[in-house]
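K.L.:
With the input below, show me the fold.
(one chain, ligands or ions: 1)
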Amino acid sequence: MKCPVCDDPARDISEPNLDSQTIECMVCGSYEIPETVLEMYRWKVLSREEREDALRNAKRFTKRGGSGERPVIHSRCF
Ligand SMILES: [Zn+2]
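P.N.:
Residues are numbered from 1 along each chain as shown. Here you go, the predicted structure:
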């Protein structure tokens, strides 16, 4: 599959039945993105740079929560 953020080849390591995709990307690292975000028009029209910004924001939000969890790209991140 292609990474939803940078379009490079990435691995989809999502657990089945979870309505969010877990991506492992050489460029972006591992992160989660909910299907609801992937389907948002606002997400689809972002440029690659803007999607990378969204992931950066997601990583910031995650760090604030502590515990080394995987960042999740929510709509508040972009
Ligand atoms: Zn990527």
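K.L.:
low pLDDT regions in this structure?
P.N.:
Applying pLDDT under 70 to the chain flags the ranges 64-68.
K.L.:
the longest helix in the chain is where?
P.N.:
helix 48-65 (DSSP state H).
K.L.:
buried set for it?
P.N.:
51, 54, 55, 57, 58, 59, 62 (16 or more other C-beta atoms under 10 Å). All C-beta atoms are positioned from the backbone trio N, CA, C, and that covers glycine.
K.L.:
Are there helices or strands packed against it, and which ones?
P.N.:
strand 29-34 (3 or more C-beta pairs under 8 Å, 6 or more residues apart in numbering; DSSP states H and E).
K.L.:
from the middle of its chain, how far away would the strand it packs on be?
P.N.:
Centroid displacement of strand 29-34 relative to its chain, using C-alpha atoms, centre = their mean, to the nearest Å, is 4 Å.
K.L.:
Grab the nearest non-local neighbour of residue 15.
P.N.:
residue 22 (7.0 Å; C-beta to C-beta, 6 or more residues apart in numbering).
K.L.:
My error: substitute residue 20 in the last question.
P.N.:
residue 34 (4.1 Å).
K.L.:
OK, contacts around the one you found?
P.N.:
Counting by C-beta atoms under 8 Å, 6 or more residues apart in numbering, residue 34 touches 19, 20, 21, 72, 73, 74.
K.L.:
ditto for residue 11
P.N.:
Here residue 11 is in contact with 1, 23, 24, 25 (C-beta under 8 Å, 6+ apart).
K.L.:
again, but for residue 78
P.N.:
Applying C-beta under 8 Å, 6+ apart, the residues near residue 78 are 42, 43, 46, 50, 51, 53, 54, 57.
K.L.:
let's see it at 10 Å
P.N.:
37, 40, 42, 43, 46, 50, 51, 53, 54, 55, 57, 58 (C-beta atoms under 10 Å, 6 or more residues apart in numbering).
K.L.:
now do residue 1
P.N.:
Per C-beta under 10 Å, 6+ apart, neighbours of residue 1: 9, 10, 11, 12, 21, 23, 25.
K.L.:
Make TSV out of those residues and add distance to residue 78 and secondary structure.
P.N.:
Shown next, in TSV, are the contacts of residue 1 (distance: C-beta to C-beta, whole Å; DSSP: H, G, I helix; E, B strand; the rest coil):
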residue	distance to residue 78	secondary structure
9	23	strand
10	19	strand
11	23	strand
12	21	strand
21	16	strand
23	16	strand
25	17	strand
